[in-house]
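>>> quick one, fold the following:
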Amino acid sequence: MDWKPLYEKLIVRRDPPESEYAPGIKVADAHQKQQNIGTVIKAGEGRWVDGILLPLTVQVGMRVLFSKFSGTELAGADPDLIVLREDEILAYAAPEPVEAREAA
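Purely as a prediction, here's the structure:
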């Protein structure tokens, strides 16, 4: 199903869990630390305030930091997808420009 977020909602793909152990050591899924960092893959139109549509600060492609307990998992979809309100985002980083990636 193709979900589209409403208003000030965002769909974020969590980064894969990181293991705190040495590379090559397999850690059981239950013991891996779930990330509270992800990438915005879809964004709503914005928030209505006094009849004016205010666009979101956070846009598709931005990396975001959010609280461990914020958001709602998309049931029946990829377990790494969560729906967040823009006010649940603690910080963001704009995507790196294409020119900067190509120069590296």
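
>>> count the residues that sit near Leu84.
22 (other CB atoms under 10 Å). C-betas here are computed from N, CA, C, even on glycine.

>>> could you find the closest non-adjacent residue to it?
Gly71 (4.3 Å; CB to CB, 6 or more residues apart in numbering).

>>> right, and the one you found touches Val83 too?
Yes - if you go by CB atoms under 8 Å, Gly71 and Val83 touch, sitting 6.0 Å apart.

>>> what about these two, which has more around it?
Higher neighbour count among Gly71 and Val83: Gly71, with 22 against 19, using other CB under 10 Å.

>>> tell me the contacts of that one?
12, 82-84, 88 (CB atoms under 8 Å, 6 or more residues apart in numbering).

>>> for it, give its distance to Val64.
Plainly put, Gly71 is 10 Å away from Val64 if you go by CB to CB, to the nearest Å.

>>> the helices in this structure, which residues?
All helices of the chain, identified by DSSP state H, fall at 98-103.

>>> nearest spatial neighbour of the most centrally placed residue in the chain, skipping sequence neighbours?
The chain has Val12 as the residue nearest its centroid, 2.9 Å off, counting by CA atoms, centre = their mean. Closest residue to Val12 apart from its sequence neighbours, by CB to CB, 6+ apart: Gly38 at 4.2 Å.

>>> then Asp80?
Arg14 is the one closest to Asp80 (CB to CB, 6+ apart), at 4.5 Å.

>>> that neighbour against Val40, yeah?
No - using CB under 8 Å, Arg14 is not in contact with Val40; the gap is 11.4 Å.

>>> show me where this structure dips below the pLDDT cut-off.
18-34, 77, 97-104 (pLDDT under 70).

>>> how does it look with 80?
For the chain, the stretches flagged by pLDDT under 80 are 1, 17-35, 75-79, 94-104.

>>> that one: strands as residue ranges?
Counting by DSSP state E, the chain has strands at residues 9-14, 37-43, 47-49, 52-54, 63-66, 72-73, 81-85, 89-93.
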